[in-house]
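J.: I'd like to go over a predicted model; first the sequence, then the structure.
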Amino acid sequence: MKFQLLLLIVFLSLFQSSYGQPNGFRNLFNGADLTGWWGLSTENPASWINLPKSELAKKQKDSLLDIQKHWRVEEGILINDGHGLYLTTLDHFSDFILLLDYKTVAKADSGVYLRGYPQVQIWDTTESGGKWRFGAKAGSGGLWNNRPKEGWSPLVHADLPFGEWNGLKIQMIGDTVSVWLNEKLVVDQSTLLNYWKKSGPILPSGPIQLQTHGGEIRWRNIFIKEIES
């Protein structure tokens, strides 16, 4: 009986790891509503992160009016219409591994902000998307605001065609970032630059943000594992 119970535990563990929330990770999106999130634009996290508690709470509450206009949940999928504030975690993170799936449309442009800093780039990488001159030809997943330093251009083009889900894995330790897109390494241990002060350090902790920029994007399976230093 004990052996059968052990086999069941092992099976459930493997099932969860392969088909649901990965072992050791926690879910940032509950699949039902926007609990745990608020809205921000491209704002230097140093400008708001230490606001008095009451001021920060008001800023967060006020942002939800915009979030409710442009973000929705349908059948467990998080959907943005391409406009409005960026969905931002209430929780802050230092060193972590972030997993998420996204699906976008032609001419869309999006990204993932790390500790509030832009960004792991997501966009239409076809010529008709109109952004080859900005680097879209090379693919998504690069640290675009590092341009022209290391990491801004992906090592390989790993985007899947429109209509398919893309899987991102982002590892951040200190200010060093690695990115895998659809299991292909596209950024290899590059330093994320401070967008607002390229020579300055980035904050040791901050939120995850899902950027909106001109085209519908869908998100699912948003999991994070914090790495202890």
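T.: Done, it's in.

J.: secondary structure element for residue 169?
T.: For residue 169, the host element (DSSP states H and E) is strand 166-173.

J.: what about whichever helix or strand comes after that strand, distance to the chain center?
T.: Moving toward the C-terminus from strand 166-173, the next helix or strand (DSSP H and E) is strand 176-181. Centroid displacement of strand 176-181 relative to its chain, using Cα atoms, centre = their mean, to the nearest Å, is 11 Å.

J.: likewise for stretch 56-69?
T.: The chain centre lies 20 Å from the centre of stretch 56-69; the measure is Cα atoms, centre = their mean.

J.: got a list of contacts for it?
T.: Residues from elsewhere that reach stretch 56-69 (Cβ atoms under 8 Å, 6 or more residues apart in numbering): 34, 37-40, 48, 51, 84-85, 87-88, 90. For glycine as for every other residue, the C-beta is placed from the backbone atoms N, C-alpha and C.

J.: please redo it, this time with the cut-off set to 10 Å
T.: The contact list for stretch 56-69 (Cβ atoms under 10 Å, 6 or more residues apart in numbering) reads 34, 37-41, 43, 48-52, 71, 80-81, 83-88, 90.

J.: mind listing what's buried in the strand holding residue 169?
T.: Under the neighbour-count criterion of 16 or more other Cβ atoms under 10 Å, strand 166-173 has 166, 168-172 buried.

J.: for those, give me a markdown table that also has distance to residue 204.
T.: As requested, those are exported to a markdown table (distance: Cβ to Cβ, whole Å):
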| residue | distance to residue 204 |
| --- | --- |
| 166 | 29 |
| 168 | 23 |
| 169 | 22 |
| 170 | 17 |
| 171 | 16 |
| 172 | 11 |
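
J.: so which of those residues comes closest to residue 129?
T.: residue 166 (15.0 Å; Cβ to Cβ).

J.: touching, the closest one and residue 103? I think so.
T.: Yes - counting by Cβ atoms under 10 Å, residue 103 is a contact partner of residue 166 at 6.8 Å.

J.: correct me if wrong: residue 121 contacts residue 136.
T.: Yes - between residue 121 and residue 136 there is a contact under Cβ under 10 Å: 8.5 Å.
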